[in-house]
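Student: Sequence isn't available, so here's the structure alone:
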């Protein structure tokens, strides 16, 4: 079931239906969202969505997901929740952490490739940047054989402007933590231009003392993200539909943090 308070945030973001649309009356948006969440949590095929639960058919929910992704509904929801967390003082901008995680892509499609960690089977990769407390800020989906270092700046630039505090919206952390996969002098220079201090291990050099203890939050965030079974394996041929699930899952993680902060 969709939490009433969460639905109050989602509903204004949804594109309205035409007053005189042809065909039967569409299934209620809230029921379709519940059907989408059921697929996200349980990773079942759309056609196996239980009709007795009142969500409508799997095809109905799939089309609604596609319709809502086009105007970026779930990205907007994620930004709203980040602003709420920022207003509550629940975002740690002193540092951000980056990492990547491979997933199997069962049906291939866009942004898939031979996985270097899964016997070159077709896969994708989630590249994640989170704040110092593990709140997901941006997730990028690429082919499995894309190097982490190529996505460093894309992740930083992809952080949305986060309001919630007096002054200009926040868009960047004070420092960026990464392992040797992000070792790149050009990336370090670009981060410094953006007034972000790079704390990135160098290949062939001893690890930065205490870096692992600070970076554990990104692994924790991946664990939370992949608890949504639909994200542990990619079934969507279209990256934008997989990214819709990613944004929705990121929003739900933020929503849980916000509810915990308010309790």
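Tutor: Received the coordinates, thanks. These numbers come from a predicted model, not from an experiment. Residues are numbered from 1 along each chain as shown.
Student: all contacts plus neighbour counts: C-alpha atoms, from now on.
Tutor: Fine.
Student: in the protein, which helix or strand is least confident?
Tutor: helix 211-225 (a mean of 87; mean pLDDT, DSSP states H and E).
Student: So what touches it?
Tutor: Outside helix 211-225, the residues that touch it by Cα atoms under 8 Å, 6 or more residues apart in numbering are 97-99, 101, 128-130, 132-136, 177-178, 231, 246, 249-250, 253.
Student: starting at the chain centroid, how far to stretch 65-74?
Tutor: 14 Å (Cα atoms, centre = their mean, to the nearest Å).
Student: Stretch 17-36 now?
Tutor: 26 Å.
Student: ditto for stretch 140-149
Tutor: With Cα atoms, centre = their mean, you get 15 Å for stretch 140-149.
Student: residues of that stretch that come out buried?
Tutor: 140-146, 148-149 (16 or more other Cα atoms under 10 Å).
Student: go on, stretch 242-260?
Tutor: Applying 16+ other Cα under 10 Å to stretch 242-260 flags 242-255, 258 as buried.
Student: go on, stretch 228-240?
Tutor: For stretch 228-240, the neighbour count (16+ other Cα under 10 Å) marks 228, 230-237, 239-240 as buried.
Student: Out of these, give me the two with the largest separation.
Tutor: 228 and 237 (18.3 Å; Cα to Cα).
Student: before we move on, back to that, select from the buried residues of stretch 140-149 every entry located in strands.
Tutor: The strands, defined by DSSP state E, take in 140-143 from these.
Student: As a markdown table, these with pLDDT would be great.
Tutor: A markdown table is the format used below for these (pLDDT from 0 to 100):
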| residue | pLDDT |
| --- | --- |
| 140 | 96 |
| 141 | 96 |
| 142 | 95 |
| 143 | 94 |
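Student: Going along the chain from the least confident helix or strand of the chain, find the next helix or strand for me.
Tutor: Using DSSP states H and E, the helix or strand that follows helix 211-225 towards the C-terminus is helix 229-232.
Student: helices or strands up against that next one?
Tutor: On a contact count with 3 or more Cα pairs under 8 Å, 6 or more residues apart in numbering; DSSP states H and E, helix 229-232 meets helix 29-42, strand 96-105, helix 239-262.
Student: which ones are touching residue 83?
Tutor: Contacts of residue 83 (Cα under 8 Å, 6+ apart): 162-164.
Student: And for residue 44?
Tutor: So residue 44 contacts residue 230 (Cα under 8 Å, 6+ apart).
Student: Low-confidence stretches in the stretch 151-263 of the chain?
Tutor: 205-210 (pLDDT under 70).
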